[in-house]
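Engineer: Dropping a prediction and its sequence here:
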Amino acid sequence: MRSALPPLLLLYAALALALASAPRRAWRPCLGLLAATAFVTITTPPPWHEGVFVGCWSSVAVTAAGGLICRTDRQLAWGLSVNAGLWSGALAAVTGAPLEPLAALPALGLLPAAAWALRHLSFPAVRVMSSWLVAVAVLAVTLACLPVTPGYLPDHLE
Amino acid sequence: MRCEILLAAAALTVSGPAAAHSGTGLPGGLGPGFMHPFSGLDHLLAMVAVGLWGAVLGNPLLLALPILLPAMMVVGAIAGMVGLPLPPVELGIACSVLVLGGCVAGGIKAPAWLALALVAVFALFHGYAQGRELPSAADPAGYSAGFVLATGLLHLAGVTIGHLNRRPGGMRVTRGLGGAIALLGAAFLTRAALS
(Lines give C-alpha, C1' and ligand atoms only; values in the text may rest on other atoms or scores of the structure.)
Protein backbone atom coordinates (compact mmCIF):
# COMPACT_ATOMS: atom_id res chain seq x y z
CA MET A 1 0.00 0.00 0.00
CA ARG A 2 1.26 3.52 -0.83
CA SER A 3 2.34 5.72 2.02
CA ALA A 4 0.19 8.73 2.83
CA LEU A 5 3.06 10.55 4.49
CA PRO A 6 4.68 12.40 1.53
CA PRO A 7 1.47 14.10 0.34
CA LEU A 8 0.47 14.85 3.92
CA LEU A 9 3.84 16.41 4.71
CA LEU A 10 3.67 18.61 1.62
CA LEU A 11 0.01 19.47 2.24
CA TYR A 12 0.76 20.68 5.76
CA ALA A 13 3.89 22.50 4.58
CA ALA A 14 1.81 24.26 1.91
CA LEU A 15 -0.80 25.15 4.50
CA ALA A 16 1.87 26.57 6.81
CA LEU A 17 3.22 28.76 4.00
CA ALA A 18 -0.28 29.95 3.07
CA LEU A 19 -1.21 30.75 6.68
CA ALA A 20 2.03 32.66 7.26
CA SER A 21 0.59 35.75 5.60
CA ALA A 22 -2.80 35.40 7.34
CA PRO A 23 -3.55 37.43 10.47
CA ARG A 24 -1.91 35.86 13.51
CA ARG A 25 -5.28 35.66 15.31
CA ALA A 26 -6.56 33.35 12.57
CA TRP A 27 -3.87 30.73 13.17
CA ARG A 28 -5.46 28.95 16.13
CA PRO A 29 -8.97 28.67 14.62
CA CYS A 30 -7.37 27.42 11.40
CA LEU A 31 -5.42 24.70 13.18
CA GLY A 32 -8.57 23.80 15.12
CA LEU A 33 -10.55 23.51 11.88
CA LEU A 34 -7.79 21.38 10.38
CA ALA A 35 -7.83 18.97 13.33
CA ALA A 36 -11.63 18.80 13.51
CA THR A 37 -12.20 18.13 9.80
CA ALA A 38 -9.36 15.60 9.69
CA PHE A 39 -10.88 13.75 12.67
CA VAL A 40 -14.33 13.68 11.08
CA THR A 41 -13.10 12.34 7.72
CA ILE A 42 -10.85 9.72 9.31
CA THR A 43 -13.94 8.14 10.83
CA THR A 44 -15.80 8.10 7.49
CA PRO A 45 -13.43 6.85 4.77
CA PRO A 46 -14.47 7.57 1.16
CA PRO A 47 -14.80 4.55 -1.17
CA TRP A 48 -12.39 5.76 -3.88
CA HIS A 49 -8.75 5.04 -3.04
CA GLU A 50 -6.78 6.44 -5.97
CA GLY A 51 -9.02 9.47 -6.25
CA VAL A 52 -8.10 10.49 -2.71
CA PHE A 53 -4.39 10.55 -3.60
CA VAL A 54 -5.08 12.69 -6.67
CA GLY A 55 -7.37 14.92 -4.62
CA CYS A 56 -4.75 15.34 -1.92
CA TRP A 57 -2.04 16.27 -4.43
CA SER A 58 -4.41 18.69 -6.15
CA SER A 59 -5.10 20.12 -2.73
CA VAL A 60 -1.36 20.61 -2.19
CA ALA A 61 -1.25 22.62 -5.45
CA VAL A 62 -4.25 24.75 -4.48
CA THR A 63 -3.00 25.35 -0.93
CA ALA A 64 0.51 26.21 -2.14
CA ALA A 65 -1.03 28.60 -4.66
CA GLY A 66 -2.51 30.30 -1.59
CA GLY A 67 1.06 30.88 -0.40
CA LEU A 68 1.80 32.77 -3.61
CA ILE A 69 -0.78 35.39 -2.66
CA CYS A 70 0.72 38.40 -0.92
CA ARG A 71 -1.81 38.38 1.90
CA THR A 72 -4.13 35.49 2.84
CA ASP A 73 -7.32 36.86 4.40
CA ARG A 74 -9.16 35.12 7.23
CA GLN A 75 -11.86 33.47 5.13
CA LEU A 76 -9.33 32.05 2.68
CA ALA A 77 -7.24 30.75 5.59
CA TRP A 78 -10.29 29.00 7.06
CA GLY A 79 -11.18 27.50 3.69
CA LEU A 80 -7.66 26.21 3.06
CA SER A 81 -7.57 24.68 6.57
CA VAL A 82 -10.90 22.89 6.14
CA ASN A 83 -9.79 21.63 2.72
CA ALA A 84 -6.46 20.37 4.11
CA GLY A 85 -8.25 18.68 7.01
CA LEU A 86 -10.73 16.95 4.71
CA TRP A 87 -8.10 15.55 2.38
CA SER A 88 -5.61 14.58 5.08
CA GLY A 89 -8.34 12.74 7.01
CA ALA A 90 -9.57 11.01 3.86
CA LEU A 91 -6.04 9.96 2.93
CA ALA A 92 -5.38 8.60 6.41
CA ALA A 93 -8.68 6.71 6.26
CA VAL A 94 -8.18 5.05 2.87
CA THR A 95 -4.59 4.04 3.63
CA GLY A 96 -5.61 2.62 7.01
CA ALA A 97 -3.05 4.77 8.81
CA PRO A 98 -5.01 7.08 11.10
CA LEU A 99 -1.86 8.33 12.82
CA GLU A 100 -0.16 9.52 9.62
CA PRO A 101 -1.56 13.07 9.95
CA LEU A 102 0.10 13.25 13.36
CA ALA A 103 3.40 12.15 11.84
CA ALA A 104 3.07 14.92 9.24
CA LEU A 105 2.27 17.61 11.82
CA PRO A 106 5.92 18.77 12.16
CA ALA A 107 5.54 20.28 8.68
CA LEU A 108 3.23 22.86 10.27
CA GLY A 109 6.29 24.00 12.21
CA LEU A 110 7.13 25.98 9.06
CA LEU A 111 4.38 28.43 10.02
CA PRO A 112 6.33 30.63 12.49
CA ALA A 113 9.48 30.38 10.38
CA ALA A 114 7.59 31.44 7.25
CA ALA A 115 5.90 34.31 9.10
CA TRP A 116 9.31 35.47 10.30
CA ALA A 117 10.71 35.23 6.76
CA LEU A 118 7.80 37.30 5.42
CA ARG A 119 8.53 40.07 7.89
CA HIS A 120 12.30 40.15 7.88
CA LEU A 121 13.69 38.83 4.60
CA SER A 122 13.86 40.94 1.49
CA PHE A 123 13.94 37.78 -0.64
CA PRO A 124 10.39 36.37 -0.98
CA ALA A 125 11.33 32.87 0.22
CA VAL A 126 7.74 31.92 1.09
CA ARG A 127 6.46 32.60 -2.40
CA VAL A 128 9.39 30.80 -4.00
CA MET A 129 8.88 27.72 -1.79
CA SER A 130 5.14 27.81 -2.49
CA SER A 131 5.82 27.81 -6.21
CA TRP A 132 8.08 24.77 -5.80
CA LEU A 133 5.30 22.96 -3.94
CA VAL A 134 2.87 23.80 -6.75
CA ALA A 135 5.37 22.33 -9.23
CA VAL A 136 5.82 19.12 -7.22
CA ALA A 137 2.07 18.70 -6.74
CA VAL A 138 1.32 19.20 -10.45
CA LEU A 139 3.95 16.58 -11.28
CA ALA A 140 2.51 14.18 -8.70
CA VAL A 141 -1.03 14.58 -10.06
CA THR A 142 0.28 13.88 -13.58
CA LEU A 143 2.16 10.82 -12.35
CA ALA A 144 -0.98 9.54 -10.68
CA CYS A 145 -2.88 9.89 -13.96
CA LEU A 146 -0.26 8.06 -16.07
CA PRO A 147 -0.32 4.25 -16.12
CA VAL A 148 3.48 3.97 -16.40
CA THR A 149 6.29 6.45 -16.83
CA PRO A 150 8.74 5.89 -19.69
CA GLY A 151 11.72 5.89 -17.35
CA TYR A 152 10.99 2.40 -16.16
CA LEU A 153 12.78 0.00 -18.43
CA PRO A 154 13.36 -3.48 -17.04
CA ASP A 155 16.98 -4.59 -17.14
CA HIS A 156 18.22 -8.00 -18.35
CA LEU A 157 17.58 -9.65 -14.97
CA GLU A 158 13.87 -8.78 -14.95
CA MET B 1 44.89 36.39 -18.92
CA ARG B 2 47.12 33.53 -17.85
CA CYS B 3 44.70 32.79 -15.02
CA GLU B 4 41.81 32.62 -17.47
CA ILE B 5 43.72 30.26 -19.77
CA LEU B 6 44.53 28.00 -16.80
CA LEU B 7 40.90 28.09 -15.72
CA ALA B 8 39.75 27.15 -19.21
CA ALA B 9 42.30 24.33 -19.41
CA ALA B 10 41.17 23.00 -16.03
CA ALA B 11 37.54 23.20 -17.09
CA LEU B 12 38.20 21.22 -20.25
CA THR B 13 40.25 18.66 -18.34
CA VAL B 14 37.50 17.85 -15.84
CA SER B 15 34.63 17.94 -18.31
CA GLY B 16 33.06 14.56 -18.88
CA PRO B 17 30.12 13.43 -20.95
CA ALA B 18 26.72 14.95 -20.30
CA ALA B 19 25.94 12.55 -17.51
CA ALA B 20 22.76 13.69 -15.80
CA HIS B 21 20.49 11.76 -18.06
CA SER B 22 22.17 8.47 -18.77
CA GLY B 23 20.91 5.08 -17.77
CA THR B 24 17.54 3.80 -16.67
CA GLY B 25 16.03 2.05 -13.69
CA LEU B 26 16.65 4.93 -11.26
CA PRO B 27 15.87 4.24 -7.63
CA GLY B 28 12.76 6.05 -6.40
CA GLY B 29 12.14 8.15 -3.32
CA LEU B 30 12.97 11.56 -1.95
CA GLY B 31 16.69 10.94 -1.28
CA PRO B 32 17.67 9.66 -4.74
CA GLY B 33 15.51 12.39 -6.31
CA PHE B 34 17.31 15.02 -4.26
CA MET B 35 20.75 13.64 -5.10
CA HIS B 36 20.12 13.18 -8.83
CA PRO B 37 20.78 16.80 -9.92
CA PHE B 38 24.13 16.66 -8.14
CA SER B 39 25.17 13.56 -10.07
CA GLY B 40 25.17 15.22 -13.50
CA LEU B 41 27.45 18.17 -14.12
CA ASP B 42 25.41 19.55 -17.03
CA HIS B 43 22.21 19.95 -15.05
CA LEU B 44 24.04 21.21 -11.98
CA LEU B 45 25.95 23.86 -13.91
CA ALA B 46 22.88 25.06 -15.79
CA MET B 47 20.90 25.55 -12.59
CA VAL B 48 23.76 27.39 -10.89
CA ALA B 49 24.24 29.51 -14.03
CA VAL B 50 20.58 30.56 -13.97
CA GLY B 51 21.05 31.72 -10.37
CA LEU B 52 24.24 33.60 -11.24
CA TRP B 53 22.53 35.27 -14.18
CA GLY B 54 19.55 36.16 -12.00
CA ALA B 55 21.94 37.92 -9.63
CA VAL B 56 23.44 39.82 -12.58
CA LEU B 57 19.98 40.78 -13.88
CA GLY B 58 18.63 41.84 -10.47
CA ASN B 59 14.97 42.44 -9.60
CA PRO B 60 12.33 41.47 -10.71
CA LEU B 61 14.05 38.49 -12.38
CA LEU B 62 15.75 37.55 -9.12
CA LEU B 63 12.27 36.51 -7.93
CA ALA B 64 10.81 35.41 -11.25
CA LEU B 65 13.54 32.96 -12.24
CA PRO B 66 13.37 30.68 -9.16
CA ILE B 67 9.61 30.45 -9.71
CA LEU B 68 9.79 29.98 -13.47
CA LEU B 69 12.58 27.42 -13.54
CA PRO B 70 10.95 24.53 -11.57
CA ALA B 71 7.57 25.32 -13.12
CA MET B 72 8.88 25.01 -16.68
CA MET B 73 10.92 21.94 -15.73
CA VAL B 74 7.68 20.31 -14.59
CA VAL B 75 6.06 21.22 -17.93
CA GLY B 76 9.06 19.63 -19.67
CA ALA B 77 8.90 16.57 -17.42
CA ILE B 78 5.21 16.09 -18.22
CA ALA B 79 6.01 16.41 -21.94
CA GLY B 80 8.69 13.76 -21.46
CA MET B 81 6.42 11.44 -19.53
CA VAL B 82 3.67 11.52 -22.12
CA GLY B 83 6.26 11.12 -24.89
CA LEU B 84 5.82 14.40 -26.78
CA PRO B 85 8.58 14.80 -29.38
CA LEU B 86 11.27 17.41 -28.68
CA PRO B 87 14.44 18.34 -30.63
CA PRO B 88 17.60 16.47 -29.50
CA VAL B 89 17.52 16.89 -25.74
CA GLU B 90 21.24 16.41 -25.08
CA LEU B 91 22.05 19.19 -27.56
CA GLY B 92 19.51 21.46 -25.88
CA ILE B 93 20.95 20.76 -22.44
CA ALA B 94 24.52 21.36 -23.62
CA CYS B 95 23.39 24.58 -25.33
CA SER B 96 21.77 25.72 -22.09
CA VAL B 97 25.06 25.35 -20.20
CA LEU B 98 26.96 27.18 -22.95
CA VAL B 99 24.48 30.04 -23.42
CA LEU B 100 23.70 30.62 -19.75
CA GLY B 101 27.39 30.48 -18.84
CA GLY B 102 28.09 32.90 -21.70
CA CYS B 103 25.40 35.30 -20.48
CA VAL B 104 26.98 35.33 -17.00
CA ALA B 105 30.51 35.66 -18.41
CA GLY B 106 29.46 38.57 -20.60
CA GLY B 107 27.46 40.19 -17.79
CA ILE B 108 24.61 40.43 -20.30
CA LYS B 109 21.63 42.37 -18.98
CA ALA B 110 19.01 40.99 -21.30
CA PRO B 111 15.47 42.38 -21.32
CA ALA B 112 13.19 40.55 -18.90
CA TRP B 113 11.11 38.88 -21.61
CA LEU B 114 14.18 37.52 -23.34
CA ALA B 115 15.76 36.21 -20.13
CA LEU B 116 12.49 34.55 -19.12
CA ALA B 117 12.03 33.01 -22.57
CA LEU B 118 15.58 31.66 -22.67
CA VAL B 119 15.39 30.14 -19.19
CA ALA B 120 11.93 28.72 -19.89
CA VAL B 121 13.07 26.97 -23.08
CA PHE B 122 16.20 25.57 -21.44
CA ALA B 123 14.20 24.43 -18.39
CA LEU B 124 11.90 22.54 -20.78
CA PHE B 125 14.88 20.54 -22.06
CA HIS B 126 16.16 19.74 -18.57
CA GLY B 127 12.70 18.78 -17.36
CA TYR B 128 12.08 16.67 -20.48
CA ALA B 129 15.21 14.62 -19.85
CA GLN B 130 14.20 14.01 -16.25
CA GLY B 131 10.62 13.21 -17.23
CA ARG B 132 11.83 10.50 -19.63
CA GLU B 133 13.76 8.91 -16.78
CA LEU B 134 11.34 9.38 -13.91
CA PRO B 135 10.99 6.03 -12.22
CA SER B 136 7.61 4.43 -11.86
CA ALA B 137 8.89 1.58 -9.74
CA ALA B 138 9.01 3.25 -6.34
CA ASP B 139 7.66 6.56 -5.02
CA PRO B 140 7.94 8.76 -8.12
CA ALA B 141 6.19 11.58 -6.25
CA GLY B 142 8.90 11.57 -3.57
CA TYR B 143 11.55 11.42 -6.30
CA SER B 144 10.10 14.44 -8.09
CA ALA B 145 9.77 16.37 -4.82
CA GLY B 146 13.43 15.73 -4.03
CA PHE B 147 14.43 16.64 -7.55
CA VAL B 148 12.52 19.94 -7.63
CA LEU B 149 13.85 20.86 -4.18
CA ALA B 150 17.47 20.16 -5.19
CA THR B 151 17.04 22.07 -8.45
CA GLY B 152 15.66 25.07 -6.57
CA LEU B 153 18.47 24.94 -4.04
CA LEU B 154 21.10 24.78 -6.80
CA HIS B 155 19.51 27.84 -8.34
CA LEU B 156 19.56 29.66 -4.99
CA ALA B 157 23.22 28.65 -4.56
CA GLY B 158 23.89 30.48 -7.82
CA VAL B 159 21.96 33.52 -6.58
CA THR B 160 23.94 33.46 -3.33
CA ILE B 161 27.27 33.30 -5.17
CA GLY B 162 25.99 36.11 -7.39
CA HIS B 163 25.62 38.32 -4.33
CA LEU B 164 29.40 38.63 -4.48
CA ASN B 165 28.68 41.19 -7.21
CA ARG B 166 28.02 43.79 -4.53
CA ARG B 167 31.59 43.49 -3.26
CA PRO B 168 34.62 44.97 -4.96
CA GLY B 169 35.90 42.54 -7.56
CA GLY B 170 32.90 40.28 -7.02
CA MET B 171 31.58 40.79 -10.51
CA ARG B 172 34.88 39.55 -11.88
CA VAL B 173 34.56 36.33 -9.86
CA THR B 174 30.97 35.82 -11.06
CA ARG B 175 31.89 36.42 -14.67
CA GLY B 176 34.90 34.12 -14.33
CA LEU B 177 32.61 31.37 -13.05
CA GLY B 178 30.27 32.07 -15.96
CA GLY B 179 33.20 31.71 -18.36
CA ALA B 180 34.18 28.37 -16.86
CA ILE B 181 30.58 27.17 -17.11
CA ALA B 182 30.41 28.29 -20.75
CA LEU B 183 33.62 26.40 -21.54
CA LEU B 184 32.23 23.25 -20.01
CA GLY B 185 29.04 23.86 -21.98
CA ALA B 186 31.11 24.03 -25.16
CA ALA B 187 32.71 20.71 -24.23
CA PHE B 188 29.26 19.15 -23.58
CA LEU B 189 28.01 20.52 -26.89
CA THR B 190 30.97 19.06 -28.80
CA ARG B 191 30.44 15.66 -27.24
CA ALA B 192 26.69 15.77 -27.83
CA ALA B 193 27.20 16.79 -31.46
CA LEU B 194 29.79 14.06 -32.08
CA SER B 195 27.82 11.25 -30.44
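Structural biologist: Received, thanks.
Engineer: C-alpha only now, for contacts and for neighbours.
Structural biologist: Fine.
Engineer: Which strand or helix spans residue 81?
Structural biologist: Chain wasn't specified; assuming chain A. Using DSSP states H and E, A:S81 falls within helix A:74-94.
Engineer: that's the wrong chain, I wanted chain B
Structural biologist: Element membership for B:M81, per DSSP H and E: helix B:61-82.
Engineer: Packing partners of the helix holding A:S81?
Structural biologist: helix A:5-19, helix A:27-43, helix A:49-68, helix A:100-104 (3 or more C-alpha pairs under 8 Å, 6 or more residues apart in numbering or on different chains; DSSP states H and E).
Engineer: I'd like to know which of the ones you listed lies nearest to B:F34.
Structural biologist: B:F34 lies closest to helix A:5-19 among the helices and strands packed on helix A:74-94, at 14.1 Å (C-alpha to C-alpha).
Engineer: ok, the closest one near chain B or not?
Structural biologist: Yes: using C-alpha under 8 Å from any C-alpha of the partner chain, helix A:5-19 reaches chain B at A:P6.
Engineer: just how off-centre is that helix within its chain?
Structural biologist: Taking C-alpha atoms, centre = their mean, to the nearest Å, one finds helix A:5-19 lying 3 Å from the centre of the chain it belongs to.
Engineer: tilt between it and helix A:74-94?
Structural biologist: Angle, helix A:5-19 to helix A:74-94, by axes from the mean of the first three to the mean of the last three C-alpha atoms, to 10 degrees: 170 degrees.
Engineer: re earlier: what's the mean pLDDT across whichever helix or strand comes after the helix holding B:M81?
Structural biologist: Next helix or strand after helix B:61-82 toward the C-terminus (DSSP H and E): helix B:89-105. Helix B:89-105 shows a mean pLDDT of 89.
Engineer: In contact with A:P29, which residues?
Structural biologist: With contact set as C-alpha atoms under 8 Å, 6 or more residues apart in numbering or on different chains, A:P29 has these partners: A:W78.
Engineer: Now do it against chain B, distance only.
Structural biologist: 30 Å (C-alpha to the nearest C-alpha, to the nearest Å).
Engineer: Got the confidence number for A:E158?
Structural biologist: At A:E158, the model reports a pLDDT of 44.
Engineer: Now A:T95: phi and psi?
Structural biologist: The phi/psi pair for A:T95 (degrees, to the nearest 10) reads phi -90, psi 0.
Engineer: Low-confidence bits of the chain, can you list those?
Structural biologist: No chain was given, so I picked chain A. Residues of chain A that meet the criterion pLDDT under 70 lie in A:1, A:70, A:147-158.
Engineer: The intended chain is chain B.
Structural biologist: Within chain B, the stretches with pLDDT under 70 are B:1-28, B:135-139.
Engineer: Which single residue in it comes nearest to chain A?
Structural biologist: Chain A sits closest to B:E133 of chain B, with a gap of 3.7 Å, by C-alpha to the nearest C-alpha.
Engineer: excluding its backbone neighbours, what's nearest the residue positioned nearest the centre of chain B?
Structural biologist: Among the residues of chain B, the one closest to the centroid is B:A46, at 1.9 Å (C-alpha atoms, centre = their mean). Leaving aside its sequence neighbours, B:A46 sits nearest to B:V97 (C-alpha to C-alpha, 6 or more residues apart in numbering or on different chains; 4.9 Å).
Engineer: For that neighbour, grab the count of nearby residues.
Structural biologist: For B:V97, the neighbour count with other C-alpha atoms under 10 Å in any protein chain shown is 32.
Engineer: right, and it touches B:A182 too?
Structural biologist: Yes: using C-alpha atoms under 8 Å, B:V97 is in contact with B:A182, at 6.1 Å.
Engineer: on that earlier part again, the residue nearest to the centre of chain B reaches B:S96, doesn't it?
Structural biologist: Yes: B:A46 is within contact range of B:S96, at 6.4 Å (criterion: C-alpha under 8 Å).
Engineer: if I look at B:V89, how far off is B:L189?
Structural biologist: Using C-alpha to C-alpha, to the nearest Å, one gets 11 Å for the distance from B:V89 to B:L189.
Engineer: B:T174 now?
Structural biologist: Taking C-alpha to C-alpha as the measure, B:T174 falls 22 Å from B:L189.
Engineer: what angle separates the longest helix along chain B from helix B:89-105?
Structural biologist: Looking across chain B with DSSP state H, the single longest helix is helix B:170-194. Taking the same axes, to 10 degrees, one finds helix B:170-194 and helix B:89-105 inclined to each other by 160 degrees.
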